[in-house]
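1. have a look at this fold, sequence not included:
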């Protein structure tokens with residue numbers, strides 16, 4: 001479904017869909033007379049979206065749009081809401097991985113290991129924490145699975161170095177799963 005079709009059929013306060021290229025399409029109703037469509041392209045992880053297209057439409061076909069109407073729209077708030085809805089939708093649409101970090105740790109008696117499965121599962125757990133808004137993901141990993149936060153930070157760095165997470169600036173949390181991680185987890189649709 002295209003952004004235009006979503007706006008044509010928008011009956012709810014918002015709708016979220018994914019196009020053939022993987023972009024998120026978000027249609028929002030503003031009051032009863034405006035429809036705003038936003039095409040977002042994923043760039044990394046939590047709240048990292050590039051806005052590719054914004055479509056404004058008056059839902060009343062007999063009305064016109066003036067420059068003042070456009071200036072009065074809370075465009076920044078609308079874009080933030082579109083990004084929030086796209087993130088929420090992407091979290092709910094995640095398939096089940098072939099292996100999980102909790103299962104691997106249980107099977108190994110709590111030992112982490114350094115194999116591809118362990119590093120890919122850690123990358124998925126880490127990205128999930130970051131995307132859900134956790135500000136200290138290594139600390140959350142330590143609380144959930146035991147050990148020191150610094151140890152988990154080093155393991156995440158190892159996972160990133162081995163190609164399971166995309167690069168980020170030094171000291172920043174984030175990154176996205178790489179195709180290598182998706183393949184190791186059985187999440188890649190080739």
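-> Looks like it came in fine. What you see is a predicted model; the values in this text were computed from it and never measured. Residues are numbered from 1 along each chain as shown.

2. can you show me the strands along the protein?
-> For the chain, the strands defined by DSSP state E cover 14-18, 24-30, 34-42, 49-58.

3. do you know how far the closest residue to residue 123 other than its chain neighbours is from residue 42?
-> In this structure, residue 123 finds its nearest non-sequential neighbour in residue 164, 4.0 Å apart by C-beta to C-beta, 6 or more residues apart in numbering. From N, CA and C alone the C-beta is placed, and that goes for glycine too. For residue 164, the distance to residue 42 (C-beta to C-beta, to the nearest Å) stands at 17 Å.

4. so for the most centrally placed residue in the chain, what's the pLDDT?
-> In the chain, the residue lying closest to the centroid (C-alpha atoms, centre = their mean) is residue 87, at 4.4 Å. Per-residue confidence (pLDDT) for residue 87: 77.

5. separation between it and residue 49?
-> Relative to residue 49, and taking C-beta to C-beta, residue 87 is found at 8 Å.

6. quick revisit: most packed of the strands of the chain?
-> strand 24-30 (a mean of 22; mean count of other C-beta atoms under 10 Å).

7. and that strand, which strands flank it?
-> strand 14-18 (antiparallel), strand 34-42 (antiparallel) (DSSP bridges).
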